[in-house]
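**Q** the sequence and its predicted three-dimensional model are supplied below.
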Amino acid sequence: MIAAGGVRERSGAVEPPGDRVKEVTQPRDCRRIFIITHEGIGDLVFLIPTLRALKDNLPGVRILLAVSAIQKHLAGTLERSLVETLPVDTHGLPSLVRAVRRFRPDVYFEFDGGLRYSAVALCSGARRRIHPPPELVKPYAALVHREALPLNAGGHRVETLLTLLDMLGLKRTGISFDFPVPDEFQENAASISQRQVPPGSIALIPASGTRWKDWPADSLQETIDILSRDLKRNVVLIGRDKKYQGLRNVTDLSGRSNFLTDAYLLRYSAVFDVAVGVDTGMMQIAGSVDSDARGSYARVTGNRTVSLFGPTLASIYRPYDPTGTFNLVVQPKEHSLAMGAVGWAGDRFERPYMKELDPREIVESVERHLTASRFQVRS
């Protein structure tokens, strides 16, 4: 059996600790890596630096990435250059097991934490099966986990995922969240920005797909009114959710665009002075900041964003910004006493966290960004 840290325990009689043999995984043991994470877009965004680092360390590696239906558009941009993809929503568990076994992974890495993907790991034939920290998984699933990432309590999810490199004996490289956007979506974004997004606009991303994290409509409208009336800014609503009907003083693009066009507008087009939004994958796309090639954040650029957090923990899920410069967080003044290890408040069904956010504080954070240039160089 291989224990955490790459220590092989010989079969048979129990051996004293001093008789165990240290084993470091060499690149030849990582020719094929199967990876599955949670099903959200943000979960995939946070995984991209780890995927890039695996490819940098192991140029010939084959990575098979299991993707959900909502991840497929972003994952599709990573095909050929980083990964091969395997849809997981359209097939049952037996089909997934067969696909993984055909791939014959040397390493099976899952960051879902559920029993079903632990069962797939047992059937995978992988020499190394690596799972989330035991504190973040179902207790019955942890019983069958051979190796697990170390707990990074309250630490950013990107840093937790990067510890996979340490477990595989690989070096950390520059952190990059970039993904190639096909020309047709860049052209769509250019057309939309020319017609509907004047310079100096503010982007708002109010919906997450999870109602406890969504921006309440009355607070959203008040924020829009202040931005448009007092700051004289054009406000643009972005997202796939059409739940916010009848808003005033806003250019509503929700449901009128598509995922990759929105992603390009927010991350690459430079048409927005600030993006403001809830804890959702599109905000992580907009605001996560790349390092330089050496992994340093001493001198970097990034989009300016304001993240709105309520029932989830900002230190884990905010757009990745080690500088603390480009992403500002607005959250309830009274912190949750029921925050779990996974970064979700246990009382989110009873306490309306997002209604506690003050539109004036949101606008103040926007104004802090507007007093500086859109991009800042740190010395």
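**A** Received the coordinates, thanks. Remember, predicted model here, so these are calculated numbers, not experimental data. Numbers count the residues shown, from 1 in each chain.
**Q** going by C-alpha atoms from here, please, whenever you check contacts or count neighbours.
**A** Fine.
**Q** apart from its chain neighbours, what residue comes closest to Gly310?
**A** Tyr353 (4.7 Å; Cα to Cα, 6 or more residues apart in numbering).
**Q** OK, contacts around that neighbour?
**A** By Cα atoms under 8 Å, 6 or more residues apart in numbering, Tyr353 lies in contact with Trp212, Gly310, Pro311, Pro332.
**Q** for the record, mean pLDDT for stretch 218-229?
**A** The average of the pLDDT scores along stretch 218-229 is 97.
**Q** run the chain-centre distance for that stretch.
**A** Centroid separation between stretch 218-229 and its chain, computed with Cα atoms, centre = their mean, to the nearest Å, is 28 Å.
**Q** do the same with stretch 45-59
**A** On Cα atoms, centre = their mean, the centre of stretch 45-59 falls 14 Å from that of its chain.
**Q** measure the residue nearest to Gly310 to Val278 for me?
**A** 12 Å (Cα to Cα, to the nearest Å).
**Q** ok, now Asn249?
**A** From Asn249 across to Val278, the span is 20 Å (Cα to Cα).
**Q** go on, Asp290?
**A** Per Cα to Cα, Asp290 is found 21 Å from Val278.
**Q** over to Phe111?
**A** Counting by Cα to Cα - Phe111 and Val278 are separated by 23 Å.
**Q** okay, the two: which has more neighbours?
**A** Neighbours were tallied for Phe111 and for Val278 using other Cα atoms under 10 Å; the higher tally belongs to Val278 (25 against 22).
**Q** next, the more buried one: phi, psi?
**A** Torsion angles at Val278 (phi, psi; degrees, to the nearest 10) stand at phi -80, psi 180.
**Q** and for the nearest residue to it once chain neighbours are set aside, the neighbour number?
**A** Distances taken as Cα to Cα, 6+ apart put Leu308 closest to Val278, at 4.6 Å, once the chain neighbours are dropped. By other Cα under 10 Å, the residues close to Leu308 number 27.
**Q** got a list of what Leu308 touches?
**A** Val276, Gly277, Val278, Asp279, Val329, Val330, Gln331, Met354, Leu357.
**Q** and the residues you listed as TSV, adding pLDDT, distance to Arg240 and secondary structure?
**A** Output for the contacts of Leu308, formatted as TSV (pLDDT from 0 to 100; distance: Cα to Cα, whole Å; DSSP: H, G, I helix; E, B strand; the rest coil):
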residue	pLDDT	distance to Arg240	secondary structure
Val276	98	16	strand
Gly277	98	13	strand
Val278	98	14	strand
Asp279	98	15	coil
Val329	98	23	strand
Val330	98	23	strand
Gln331	97	24	coil
Met354	97	20	helix
Leu357	98	23	coil
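**Q** could these go into a markdown table alongside distance to Asp29?
**A** Shown next, in a markdown table, are those (distance: Cα to Cα, whole Å):
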| residue | distance to Asp29 |
| --- | --- |
| Val276 | 43 |
| Gly277 | 42 |
| Val278 | 40 |
| Asp279 | 37 |
| Val329 | 41 |
| Val330 | 44 |
| Gln331 | 44 |
| Met354 | 47 |
| Leu357 | 49 |
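**Q** grab the longest helix from the protein for me.
**A** As assigned by DSSP state H, the longest helix anywhere in the chain is helix 41-57.
**Q** contacts for the helix or strand that comes right after it next, please.
**A** The element immediately downstream of helix 41-57 (helix or strand, assigned by DSSP states H and E) is strand 62-67. With Cα under 8 Å, 6+ apart as the test, strand 62-67 has contacts from 31-37, 39, 75, 82-89, 103.
**Q** from Leu74, how far out is Thr261?
**A** 11 Å.
**Q** typo on my end, it should be Gly174
**A** Relative to Leu74, and taking Cα to Cα, Gly174 is found at 21 Å.
**Q** and for Trp215?
**A** Taken as Cα to Cα, the span from Trp215 to Leu74 is 24 Å.
**Q** so those two - more neighbours on which side?
**A** Trp215 (26 against 19).
**Q** for my notes, confirm the more buried one occurs in a helix.
**A** No. Looking at Trp215 with DSSP: H, G, I helix; E, B strand; the rest coil, it is coil, so not inside a helix.
**Q** residue contacts, the residue nearest to it when sequence neighbours are not counted?
**A** Counting by Cα to Cα, 6+ apart, Pro206 is the residue found nearest to Trp215 once chain neighbours are left out, at 5.0 Å. Contacts for Pro206 (Cα under 8 Å, 6+ apart) come out as Asp214, Trp215, Leu220, Leu237, Ile238, Gly239, Gly277, Val278.
**Q** pLDDT score assigned to the fourth one?
**A** Per-residue confidence at Leu237 stands at 96 (pLDDT).
**Q** shouldn't it be in contact with Val250?
**A** Yes. Leu237 is in contact with Val250 according to Cα atoms under 8 Å; the separation is 6.8 Å.
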